[in-house]
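K.L.:
here is a sequence together with a model predicted from it:
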Amino acid sequence: MAAEWLQIFLLLLSLNIAFALTPYSLEGLKEVNVSIIDKSNILPKKLKSQLTKDIIDKLEQLGLRTKTDLYSKIIIKIDSVMIDSKYALYISFLVIEDMITLNDRSNIKISITYKMDDFIDSIEPKIDIVESIEYLTNEFIDQYKQEN
């Protein structure tokens, strides 16, 4: 069962890597709040705070505002499963924003407007999570620069 789960995630990851850029657009993104959600409770609070600060610093260097009253968020979500003596880590980098639909402008919805995932087989989860977050953040920054 765990081997099948691992194969499915590896397939999804390889499909995601096949795109040089994600199929999402970052044009017009001006401001976001940033949060890290560690559902696995692997990261100590201090490290999580430091990672959030590092991401905010990088985003502000790009010209993005990192405090907003809008529902515009970068969420980094960390999930893990223990398989034998290793962790299967699944890290998602998402931008979630309020969206207005063309057919009903009074109906505001929340949408995922950017998503990139990383799946890692790990024996050192803290180190690998930090590296994954840096990788995902840098991929986001590269795409943001290309589109804005």
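P.N.:
Now that the structure is in, tell me what you want to look at. This one's a predicted model, so the numbers in the text were calculated from it and none came from an experiment.
K.L.:
from the centroid of the chain, which residue is nearest?
P.N.:
Residue closest to the average C-alpha location in the chain (CA atoms, centre = their mean): residue 93, at 0.6 Å.
K.L.:
give the partner strands of the helix or strand where that residue lies in its sheet and their orientations.
P.N.:
Using DSSP states H and E, residue 93 maps to strand 86-101. Strand 86-101 has these partner strands in its sheet, going by DSSP bridges: strand 72-83 (antiparallel), strand 104-122 (antiparallel).
K.L.:
buried residues in the shortest one?
P.N.:
It stands for strand 72-83. 72, 74-78, 80 (16 or more other CB atoms under 10 Å). In short, each C-beta sits where N, CA and C put it, glycine included.
K.L.:
the longest one now?
P.N.:
By 16+ other CB under 10 Å, the buried positions in strand 104-122 come out as 113-114, 116-120, 122.
K.L.:
and stretch 131-141, by the same measure?
P.N.:
Neighbour-count burial for stretch 131-141 flags 132-133, 136-137, 139-141 (criterion: 16+ other CB under 10 Å).
K.L.:
name the nearest of the residues you listed relative to residue 50.
P.N.:
Within those, the smallest distance to residue 50 is 10.8 Å, found for residue 133 (CB to CB).
K.L.:
tell me the secondary structure for that closest one?
P.N.:
What DSSP: H, G, I helix; E, B strand; the rest coil gives for residue 133 is helix.
K.L.:
tabulate the buried residues of strand 72-83 (a markdown table), appending distance to residue 48 and pLDDT.
P.N.:
Below are the buried residues of strand 72-83 laid out as a markdown table (distance: CB to CB, whole Å; pLDDT from 0 to 100):
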| residue | distance to residue 48 | pLDDT |
| --- | --- | --- |
| 72 | 21 | 87 |
| 74 | 14 | 95 |
| 75 | 13 | 96 |
| 76 | 10 | 97 |
| 77 | 12 | 97 |
| 78 | 9 | 97 |
| 80 | 14 | 94 |
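K.L.:
before we move on, the earlier item: contact partners for the closest residue to the residue nearest to the centre of the chain other than its chain neighbours?
P.N.:
Nearest non-adjacent residue to residue 93, counting by CB to CB, 6 or more residues apart in numbering: residue 136, 3.9 Å away. The contact partners of residue 136, taken as CB atoms under 8 Å, 6 or more residues apart in numbering, are 76, 91, 93, 116, 118.
K.L.:
perfect, that will be all.
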